[in-house]
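J.: Dropping a prediction and its sequence here:
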2 protein chains.
Amino acid sequence: MRTHQLVLAWIEDQLSAGRLAVGGRLPAERTLAEQLTVSRTSVREAIRILEAMGVVRAGVGSGPDAGTVVISDPTAALGSALRLHVATQHLPVADIVETRVLLESWAAGKARPDAPELDEAAALLAGMDQAEGLSVGDFLALDVRFHFALANAAGNAVVSAMMGSLREAIQGYAAELTSNLPDWDATASRLRAEHHAILAAVRKGDGGRAAELVAAHIEGYYREAGLGAGSREP
Amino acid sequence: MRTHQLVLAWIEDQLSAGRLAVGGRLPAERTLAEQLTVSRTSVREAIRILEAMGVVRAGVGSGPDAGTVVISDPTAALGSALRLHVATQHLPVADIVETRVLLESWAAGKARPDAPELDEAAALLAGMDQAEGLSVGDFLALDVRFHFALANAAGNAVVSAMMGSLREAIQGYAAELTSNLPDWDATASRLRAEHHAILAAVRKGDGGRAAELVAAHIEGYYREAGLGAGSREP
DNA sequence: CCTACAGTGTGGTTGGACCACAGGAGGACG
DNA sequence: CGTCCTCCTGTGGTCCAACCACACTGTAGG
């Protein structure tokens, strides 16, 4: 077993035992190195891995943002990993989209009509309805947050994280695809209308219809942008 | 931007541009450090991250297994990341199980009856039917491979990877849970029968029934082992 | 009372050194 | 001529010592 894996195992043990929780602080790198009788290099390699996994966040200087603190951001971790595997062409973009449809339609079907996350989703929709002063990038950013809020309403943290990571992994592609659209304004208003319909279905408690609408919404967008089932290679 | 991220960006660019593909070899650490005018430490940190993400594999010595070569193993990467987040208690085990049911039942419903992966699944079932000389660990190992083969038959690499990673993330728990079972032999024969029923449904093209059987199979096991929907905290 | 500054502890980065490992090239020996 | 052994080379793995940039903290000076 390599040295940095020993550090990794120690930290995972601390987490599992509850001696280290989200918001907690790891010992300083030099201290930890001395405690485990390894070099600071190995400690740093372990921390880098944890950082890439969204388990810790390292900050320089002093104060609340300094030091290495435990966080929990599975979305970012899974997202960057998926993005790299897409780059190796071993994860087809079409499969990513298909999985996203699966997870999101399930979440829409399971979301409870009285979930507080739906209020946030509604607020985001209101923001997207402002026709003026909203660039394509702004619109897509709000779109991401809307879909994420909707997924959160289902109450399954794993599904939320995976959904977000899928979205993140192909975000670069999605942004490029907007240039393929014949008429962005027309697409945007269609997306707005579909969003409202989805939210209304969830609010009414009609999970089946909400799931169908979400699936059609996502598949329709990618089909229009020219990323159909045929383009299994990016 | 930190130095190791520069290295990461360079490697991701090489992958996206196709100048680096699975099976390819990264330049030696010292060479890469000189090319990018960074320290070898920073190169190593980047490689560690890629290794944790299942994108590369580093080997010492000489020969085919030496050097840093590009692979693509998203399952291991996502699995360890999920396991750590479970350790932080921000991903409830119940949500993992629920997501696994979702993905696996979808895969069972979508698997094509003539998929070659089903032959492998059948062979694994034959191996599990040998009542003698099969420890609990061996049985579970074959079980993992059976479920993985079944998921692969759906033809979606992302779903397969995520399914496998979910299984891996809670593998430790699943192994411990066997001690909760009142009668392992009885459970094992039930699991065997359910496996055969699932495979038969898939082979018959009855995706809907296969999906139902898979969901009942997984949920039933965890319920019997005492990991119901109530235990959202491990 | 407020400002300016040195002090302290954090992660970030670098260069160098040494180790273990695995294969290849060459010579020594049968 | 073939085989075995040894040395050499290049790889990642590990460690050390030093320095940097940063952000807060306490203190001295105005």
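T.: Ah, there it is. Numbering: from 1, shown residues only, chains lettered A, B, ... in the order given.

J.: Specify the helix with the largest residue count in chain A.
T.: Identified as the longest helix of chain A according to DSSP state H is helix A:184-204.

J.: Okay, buried residues for it please.
T.: A:187-188, A:191-192, A:194-195, A:197-199, A:201-203 (16 or more other C-beta atoms under 10 Å in any protein chain shown). (Glycine included, C-beta is placed from N, CA and C.)

J.: will you turn those residues into TSV that also has pLDDT and distance to DNA strand D?
T.: Formatted as TSV, these follow (pLDDT from 0 to 100; distance: C-beta to the nearest atom of the strand, whole Å):
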residue	pLDDT	distance to DNA strand D
A:Thr187	91	41
A:Ala188	91	38
A:Leu191	94	39
A:Arg192	95	40
A:Glu194	97	43
A:His195	97	39
A:Ala197	97	46
A:Ile198	97	42
A:Leu199	97	40
A:Ala201	97	46
A:Val202	97	42
A:Arg203	97	43
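
J.: can you list those residues in a markdown table and add distance to B:Ala33?
T.: Below are the buried residues of helix A:184-204 laid out as a markdown table (distance: C-beta to C-beta, whole Å):
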| residue | distance to B:Ala33 |
| --- | --- |
| A:Thr187 | 46 |
| A:Ala188 | 47 |
| A:Leu191 | 46 |
| A:Arg192 | 50 |
| A:Glu194 | 50 |
| A:His195 | 48 |
| A:Ala197 | 54 |
| A:Ile198 | 50 |
| A:Leu199 | 52 |
| A:Ala201 | 55 |
| A:Val202 | 52 |
| A:Arg203 | 56 |
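
J.: Kindly state the domain boundaries assigned to chain A.
T.: Under the assignment automatic domain parsing, the domains of chain A span A:3-70, A:75-224.

J.: does chain B sit close to the longest one?
T.: Yes - legend: contact between domain A:75-224 and chain B by C-beta under 8 Å from any C-beta of the partner chain is shown at A:77-78, A:80-85, A:87-92, A:95-96, A:98-99, A:102-103, A:106, A:156-159, A:161-162, A:166.

J.: wait, what's in contact with A:Gly23?
T.: Taking C-beta atoms under 8 Å, 6 or more residues apart in numbering or on different chains as the criterion, A:Gly23 is in contact with A:69-71.

J.: out of those residues, which is most surrounded?
T.: A:Val70 (20 neighbours; other C-beta atoms under 10 Å in any protein chain shown).

J.: That one contacts A:Leu26, correct?
T.: Yes - applying C-beta atoms under 8 Å, one finds A:Val70 in contact with A:Leu26, separated by 7.1 Å.

J.: what's the overlap in contacts for the two?
T.: A:20, A:56.

J.: rewinding a little: pick out the shakiest of the domains of chain A, pLDDT-wise.
T.: The weakest mean pLDDT among these belongs to domain A:75-224, with a mean of 93.

J.: picking up where we left off before, mind listing which of the contacts of A:Gly23 are in strands?
T.: A:69-70 (DSSP state E).

J.: filter the contacts of A:Gly23 down to the ones near DNA strand D?
T.: Filtering the contacts of A:Gly23 for neighbours of DNA strand D using C-beta under 7 Å from any atom of the strand leaves an empty set.

J.: for the contacts of A:Gly23, which one is nearest DNA strand C?
T.: A:Val69 (8.9 Å; C-beta to the nearest atom of the strand).

J.: residue of chain A with the smallest distance to DNA strand D?
T.: A:Gly61 (2.2 Å).

J.: Based on its surroundings, how many neighbours for that residue?
T.: 7.

J.: now do the one 3 residues further on
T.: In terms of burial, A:Pro64 registers 7 neighbours under the definition other C-beta under 10 Å.

J.: So it, which state does it fall into?
T.: coil (DSSP: H, G, I helix; E, B strand; the rest coil).

J.: ok, now A:Leu82?
T.: Looking at A:Leu82 with three-state DSSP, the answer is helix.

J.: Now for it: which residues touch it?
T.: A:91, A:96, A:165-166, A:168-169, B:74, B:158.

J.: Give me the distance between it and DNA strand C.
T.: Distance, A:Leu82 to DNA strand C, by C-beta to the nearest atom of the strand, to the nearest Å: 24 Å.

J.: Surely A:Arg57 is in a strand?
T.: Yes - applying three-state DSSP, one finds A:Arg57 inside a strand.

J.: Would you mind finding the most buried of the domains of chain A?
T.: domain A:75-224 (a mean of 19; mean count of other C-beta atoms under 10 Å in any protein chain shown).

J.: Tell me the gap between it and the middle of its chain.
T.: Here domain A:75-224 is found 10 Å from its chain centre; the criterion is C-alpha atoms, centre = their mean, to the nearest Å.

J.: So which of the residues of domain A:75-224 next to chain B are in helices?
T.: Those of the residues of domain A:75-224 next to chain B lying in helices (DSSP H): A:77-78, A:80-85, A:87, A:95-96, A:98-99, A:102-103, A:106, A:157-159, A:161-162, A:166.

J.: Could you look up the SS state of the spatially most central residue of chain A?
T.: In chain A, the residue lying closest to the centroid (C-alpha atoms, centre = their mean) is A:Gly164, at 2.3 Å. Classification of A:Gly164 using three-state DSSP returns helix.

J.: Grab the nearest non-local neighbour of it.
T.: Excluding the flanking residues, the one nearest A:Gly164 by C-beta to C-beta, 6 or more residues apart in numbering or on different chains is A:Thr75, at 3.9 Å.

J.: Check A:Ala52 too.
T.: Nearest to A:Ala52 is B:Ile49, by C-beta to C-beta, 6+ apart, at 4.4 Å.

J.: what does A:Gly207 give?
T.: Per C-beta to C-beta, 6+ apart, closest to A:Gly207 is A:Gly109, 3.9 Å.

J.: and the gap between that neighbour and B:Phe146?
T.: 28 Å (C-beta to C-beta, to the nearest Å).

J.: Point me to the helix or strand that includes the residue lying farthest from the centre of chain A.
T.: For chain A, the residue at maximal distance from the C-alpha centroid (C-alpha atoms, centre = their mean) is A:Thr37, at 36.9 Å. Under the criterion DSSP states H and E, no helix or strand holds A:Thr37.

J.: give me phi/psi at it?
T.: Dihedral angles of A:Thr37 (phi, psi; degrees, to the nearest 10) stand at phi 50, psi 50.

J.: Please report the distance of it from A:Ala17.
T.: 20 Å.

J.: for A:Ala87, same thing?
T.: From A:Ala87 to A:Ala17 the distance is 37 Å (C-beta to C-beta).

J.: what do you get for A:Met1?
T.: 20 Å.

J.: Equivalent analysis for A:Ala76, please.
T.: 25 Å.

J.: Then A:Arg48?
T.: 23 Å.
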